[in-house]
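**Student:** Here's my sequence, what's the structure:
(chains A, B, C and D)
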Amino acid sequence: MKRDIVGLIYTGERIDQLRDLTRIRSVAALPVLGRYRMIDFILSSMIHSEIHNIGIIMQKNYHSLMDHLGSGREWDLHGKRNGMTILPPYMSRDNVGVYEGLLDALRSNIGFLRRSKERYIAVTDSHILFSVQYEKMLAHHLENGADITLLYTKDRSARRNGAGRYLEVDAQGTVHQIECDPSIPRYENTYMSAFLVRRELLIDLVDRAVSAGYHHFTRELLTHILRDKSYKVCGFECPGSVWVMDSVESYFKANMDFLVAENRARIFNPDKPVWTKLRDEMPTHYMDGADVSNSLIADGCIIQGRVENSILFRGVQIKPGASVKNCIVMQDAIIQRNVELAYAILDKQVTVRENTRMMGPAGYPLVVPKALTI
Amino acid sequence: MKRDIVGLIYTGERIDQLRDLTRIRSVAALPVLGRYRMIDFILSSMIHSEIHNIGIIMQKNYHSLMDHLGSGREWDLHGKRNGMTILPPYMSRDNVGVYEGLLDALRSNIGFLRRSKERYIAVTDSHILFSVQYEKMLAHHLENGADITLLYTKDRSARRNGAGRYLEVDAQGTVHQIECDPSIPRYENTYMSAFLVRRELLIDLVDRAVSAGYHHFTRELLTHILRDKSYKVCGFECPGSVWVMDSVESYFKANMDFLVAENRARIFNPDKPVWTKLRDEMPTHYMDGADVSNSLIADGCIIQGRVENSILFRGVQIKPGASVKNCIVMQDAIIQRNVELAYAILDKQVTVRENTRMMGPAGYPLVVPKALTI
Amino acid sequence: MPRKKKCVAMLLAGGQGSRLGILTRHTAKPAIPFGGKYRIIDFPLSNCSNSGIDVVGVLTQWQPLELNAYIGSGSPWDLDLSSGGVYVLPPYMKAGAGEWYSGTANAIYQNLAFIEQFNPDYVLILSGDHIYKMDYADMLAHHIEKEAAVTIAVRQVPWEECSRFGIMNTDAQGNIIEFEEKPANPKSNNASMGVYVFTWQKLRDLLISDEQNPDSDNDFGKNIIPTMLADGERLTAYSFNGYWKDVGTIESLWDANMDLLQTPVPIDLHDRSWRIYARNIGMPPHYIAPSGEVSGSLVTEGCVIKGSVKGSVLSAGVQVEEDAQVIDSVIMPSARIAKGAKVIRSIIAEDAVIESGCQVGEEEGDITLIGNNTVLKAGTVVPAGQQVSKEGSTT
Amino acid sequence: MPRKKKCVAMLLAGGQGSRLGILTRHTAKPAIPFGGKYRIIDFPLSNCSNSGIDVVGVLTQWQPLELNAYIGSGSPWDLDLSSGGVYVLPPYMKAGAGEWYSGTANAIYQNLAFIEQFNPDYVLILSGDHIYKMDYADMLAHHIEKEAAVTIAVRQVPWEECSRFGIMNTDAQGNIIEFEEKPANPKSNNASMGVYVFTWQKLRDLLISDEQNPDSDNDFGKNIIPTMLADGERLTAYSFNGYWKDVGTIESLWDANMDLLQTPVPIDLHDRSWRIYARNIGMPPHYIAPSGEVSGSLVTEGCVIKGSVKGSVLSAGVQVEEDAQVIDSVIMPSARIAKGAKVIRSIIAEDAVIESGCQVGEEEGDITLIGNNTVLKAGTVVPAGQQVSKEGSTT
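**Tutor:** Numbering: from 1, shown residues only, chains lettered A, B, ... in the order given. Here you go, the predicted structure:
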């Protein structure tokens, strides 16, 4: 009940390897797991940690994200005192426009930081799917007398050669080193681009880093702090698995992971629902001829064909004789008769004409951009 | 109850003569009459005409407007089916960025026009304070078999030499001519930059005008239509008075007009409240020594001095011995002891130090920008 | 705060609905799950919202708790408004005394002050036990055009069923000239749907004088409408031809669910121009396991299907385990059908557990019903038409 | 839908509040206007919202209509939530029968099922007739730290007033060792504020057993707390030192309004860190005419002041006409004081009209009260302490 943390979500990441999936939307608005957007998991985690004042920093292509969030009502974030604050770019003359990095974004939105009343702030990117209890992270922060607490994971699936940030954390939980984009990571702790800090301290840090000419929070500011040991930086391990969405391949694999019950149980806790924008769809209709196996199916679909090892978003239609295997099919797609699809990701509102056959190589799925008819 | 009209509010006007008042905000967010912003009157008129789907086109400096509108809850515009849609610039790659005129803005937001379901659309600027019943405007539109109906006023206070648009309207209500920025207007009907049209027709018009290279709705597109008589254009007279906010002087005069009961009655109908963002202020406290005359006072003020012929916004403090005459004092201003002010407009959060004297010439008030201490 | 409204809707959410047996023992009828994602009350509430009627009073005195929680602030139906919205209205104490609602008209009478707050021109009276999509705005326009005192929605029913309904006999202009309650020998087959538009001033006066009549049952069908006919008021009929189904009995509730599986479907819930809204429960998409088999069925969020589902309607969070069979049945939220259990032509209510090897229902005969939170021990056999609740079983 | 909550608040909005005379004849006490912009219930609701408690049940059976309309979807207090919010809970029918709330504990007992929906660890019990600002989260933290079964908020009152209160005698650790209801010879001056935090499982069991005791009044003060003391449960006192004022009588209601005019003010409603929220009525700023004179007063939206106002609290939409005088009075929403009328030491209720030349109240003696919607004919003189309603006058 005690509301001590303000949340801040940065949605300005540019991840070229997500190709057409993020050309028209920010990663935060990337559709995942049949009915969600990436930001739903971050918002829901925050809400379940009693964080009710959340700022969302927008960069470009943020229409779908704004449309998704609406008035914030689905997350009970439409209050006048607390709630969701959309922080779009280009809003005032102080605003620098395109952010080179998180630090720029923080500087442009320093007013939000100042106006908030909470003592602590949790800042996170939006390209990692995870579930954390921020109140536990805060407890850890306080117990360790930390100035800054970084969230990290030991999940090996988050490691990348030549990319990512890795932390050297000692037995006491203190962070000593941060590696940026190493060709082979030395440390087993992958930094999750999320941290917790006293709000006033963050304001100070941003002010000073900007005068030093920095743009990047981790690469420049954090590295600098660790080097001169000016603050106590601790690490908090995110329990369980995390899913990093940094390429079409990792996006595909992450979604497919959720066909396994244990992975669903890691993220979907019946007592802590993941909220998302509603569509008021009716249940999915399995007509005669439907043959579905090992698949996650959202509401509003009409299924007359075969679906295997796949994820169908809301309102997808599978016509008789069609076969969809190892696919992710986003909302309102229409798969006409006798289509055969495998290893494909269909963005929203794609129509696949009768008798079409399309198969990607396993592990390197094809992407069909939004609203295309093929 | 029948909801046939979608509303579209353009807030991109640039009016240099409003000087510092609109440097940091759009005209739509201009504070007026003690507790409102210009857009409140437009939104409330629309709501009382059963228009519940309203798009708001933002241009630059729209932070204060977004902050004011919030989730739309104060106007009951937070629904999932109906409600308020914020249309900020730079949202997608189709977006042209800075709008040269309304036509550009319409083109960039053609998606909103297409997605709406209502048969008619009411489009309006945001720099005129007026009250109209759009359902009557629609009835007039239908009775006259009009393709486009323009809203105009005969209020002489809206006329400007060398500026504005004026309509030649015949006895049947048909518009034949439109004058743009005439040195002396020939016609007595001032066009109010608001019109009603079939939504599908507007989409067509915008599509075609853009291919013709037009940027300006009135000056180019409307003039062209009237010239070649391709559509039936009618006029609908806005009943009563209107207040055009196109300079500091007209802004000042408009506010002062509302010290007259008859003008208040023209805009404030107890059955049709004007909704605005709430501040949850307590009532204004008149302490001993308060001496207030012919003034409009919002809630949350603490008054210990003299106030005459003035308008105080929410949370203003007038300290003992201070005297405020013929002033507009926006929210949270603090007027310290023994200050003497006349003919001044104080923007939000201005502090006037003890013993300061400041007097503008009557009719040409001084403007003190936001958050200044003088 | 309340503002003048053209039309206010009053929904008679009713009494105990005992024809639904153990289903309504702990749940008000309007809160009963329907069609996998909905509750019965979603239909009239969504109809109101889609018709642009934004004040709805829900009159209830039986188990309002779940209904209260379900309606909440009214946001699922866009009815969380400052200038209106949805209000749950149980009876209340006045000047030291209070009384329960004695009849449909009395329920409205007891809430005169509620209605007066909105100073409406018209009042729409609805009942809460039918599945249908209807544009009340169109009915209201009809009422205004006809300058009627009351407009009654009517629907043609099969002649042999007339004796179950209030039958409206009209003249050529559509004016109602006679009303017969459940006639043995009907003169027409226009049945009242229990949906009325009243001119408020007329209704107000009628309710006040009806209340003063000690012989009245204070009921719309029995008292108010006959009085209006006798007084020579203008009563018009508004013909409705769409899908309309009573869900007041176990059989009809099961039937209406099964209707959603027909092709073509008699009531299209995919229709985006007239959505039926429902409160969302925040569950992930449903999962069909490799061993799962689903056909001719509706399945929704949170379900996990490892067995076989045929011709059935499954609500949120239902689990069908390996080798379980669900056939021609309605499974309500979070019920679990354990390994090897077989459910046929049955309704399994919320949170019930059918343990492994149970046999519920039969291919022929009446619908079988397992009540809320009932745990059916492994191997139990429940024959057709039986009802089992956690308190025990009845037939 | 309901979700597990750490703490749920139950607000006893109570019965008729007859000590407020004609003010509560048509209005529930919590809906009575206070301080120009508020209703009494705004204080506990805002306290809940500011304390982060987002489920509030409002238990009422007397005139709930205005309260219902006032609370609406709960949005003024940020309580229009899907996962919680504010619920008005009148008594309801169960299994064919229904009963009114017989006591404070019975009111909670009748809503056990409501509370259980949220599976709370703690329940906060509030009453709806005090003006105060209090952080219930702090009290809850105290309760958790002390591992108490119940924590009772207490406040020191003047010794001579102890006989009007329930007095809590504590040991050095702050544990309550004795409870005296309205003692003639009090041992301490710690009065119970009627604000309790209970560990839910304890309270639940107590309510169930109290209900089975036919001799019990089912009241917290008379039955539940004494039983807990007798059972040796841990009861702790939570000391509150802020402003706290009962507004259960005409005098105290007037008094509490006047408190807002003091310097320094004993309860600061300008405080932005602890706002008191209220439903807004959408009126323009108030207007002071050249002939108007206002000092030592609170004036709010929609007022038009052409006469003289001194030492008074004016609610929204009040009109004071030329040469009218309002002195040391409380004027409730939309009342009109016509030309030349004089109102002194009085409460003028909502929508009342004091016609020209009337004299209401006197400089000395009891507070005079003019009821809702009452029109006082021109020239009427109403002496001190009299109450005039539209139905007639009483003293």
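**Student:** and residue 362, how many neighbours?
**Tutor:** Since no chain was named, I'll use chain A. If you count neighbours by other CB atoms under 10 Å in any protein chain shown, residue A:362 ends up with 10. (Each C-beta comes from the backbone N, C-alpha and C, glycine too.)
**Student:** That was the other one, I meant chain C.
**Tutor:** 17.
**Student:** Please name every helix or strand in contact with the longest strand anywhere in chain A.
**Tutor:** Identified as the longest strand of chain A according to DSSP state E is strand A:189-198. Secondary-structure packing of strand A:189-198 (3 or more CB pairs under 8 Å, 6 or more residues apart in numbering or on different chains; DSSP states H and E): strand A:120-124, strand A:128-129, helix A:134-143, strand A:148-153, strand A:165-169, strand A:233-237.
**Student:** Please enumerate the helices of the chain.
**Tutor:** As the question left the chain open, I've gone with chain A. A:38-48, A:63-69, A:102-108, A:110-115, A:134-143, A:199-211, A:223-228, A:248-257, A:261-267 (DSSP state H).
**Student:** wrong one, chain C
**Tutor:** Using DSSP H, helices in chain C cover C:42-50, C:64-71, C:104-109, C:112-116, C:136-146, C:200-211, C:225-230, C:250-259.
**Student:** And stretch C:118-134, end to end?
**Tutor:** 23 Å (CA to CA, to the nearest Å).
**Student:** what about that stretch, near chain A?
**Tutor:** No: Stretch C:118-134 stays clear of chain A (CB under 8 Å from any CB of the partner chain), getting no nearer than 12.3 Å.
**Student:** does any part of that stretch sit near chain D?
**Tutor:** No: using CB under 8 Å from any CB, stretch C:118-134 never reaches chain D; the gap is at least 9.3 Å.
**Student:** what do you get for stretch A:45-63?
**Tutor:** Yes: between stretch A:45-63 and chain D, judged by CB under 8 Å from any CB, the touching residues are residue A:50.
**Student:** where's that stretch relative to the chain centroid, distance-wise?
**Tutor:** How far stretch A:45-63 lies from its chain's middle: 11 Å, per CA atoms, centre = their mean, to the nearest Å.
**Student:** so how far does it reach from one end to the other?
**Tutor:** End-to-end for stretch A:45-63, by CA to CA: 23 Å.
**Student:** Is it positioned near chain B?
**Tutor:** Yes: Stretch A:45-63 is in contact with chain B by CB under 8 Å from any CB, via A:60, A:61, A:62, A:63.
**Student:** I'd like the mean pLDDT over that stretch, please.
**Tutor:** Stretch A:45-63 carries an average pLDDT of 89.
**Student:** Name the residues of that stretch that come out as buried.
**Tutor:** A:45-63 (16 or more other CB atoms under 10 Å in any protein chain shown).
**Student:** In CSV, list the helices of chain A along with distance to chain C.
**Tutor:** Listed next are the helices of chain A as CSV, based on distance: least, CB to the nearest CB, whole Å:
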stretch, distance to chain C
helix A:38-48, 9
helix A:63-69, 15
helix A:102-108, 30
helix A:110-115, 25
helix A:134-143, 19
helix A:199-211, 30
helix A:223-228, 39
helix A:248-257, 11
helix A:261-267, 6
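**Student:** Just put these in CSV and tack on distance to residue C:46.
**Tutor:** Output for these, formatted as CSV (distance: least, CB to CB, whole Å):
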stretch, distance to residue C:46
helix A:38-48, 25
helix A:63-69, 23
helix A:102-108, 41
helix A:110-115, 38
helix A:134-143, 37
helix A:199-211, 43
helix A:223-228, 55
helix A:248-257, 32
helix A:261-267, 31
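**Student:** got the residues of chain A near chain D?
**Tutor:** Residues of chain A lying near chain D (CB under 8 Å from any CB): A:1-3, A:50, A:73-74, A:76, A:78-82, A:117, A:271, A:273.
**Student:** Go through the helices of chain C and find the least confident stretch.
**Tutor:** Sorting the helices of chain C by mean pLDDT places helix C:64-71 lowest, at a mean of 83.
**Student:** Would you mind measuring from the residue in chain A that chain C sits nearest to to residue C:71?
**Tutor:** Taking CB to the nearest CB, chain C has its nearest neighbour within chain A at residue A:273, 2.9 Å off. Plainly put, residue A:273 is 19 Å away from residue C:71 if you go by CB to CB, to the nearest Å.
**Student:** for residue C:124, same thing?
**Tutor:** From residue C:124 to residue C:71 the distance is 18 Å (CB to CB).
**Student:** what does residue C:271 give?
**Tutor:** Taking CB to CB, one finds residue C:271 at 23 Å from residue C:71.
**Student:** What of residue A:220?
**Tutor:** Distance of residue A:220 to residue C:71, given as CB to CB: 53 Å.
**Student:** the more surrounded of those two?
**Tutor:** Counted by other CB under 10 Å, residue A:220 and residue C:71 do not tie: residue C:71 has more neighbours, with 28 against 17.
**Student:** any weak-confidence spans in chain C?
**Tutor:** C:1-2, C:15-18, C:93-98, C:394-395 (pLDDT under 70).
**Student:** Tell me which residue is most central in it.
**Tutor:** residue C:129 (2.6 Å; CA atoms, centre = their mean).
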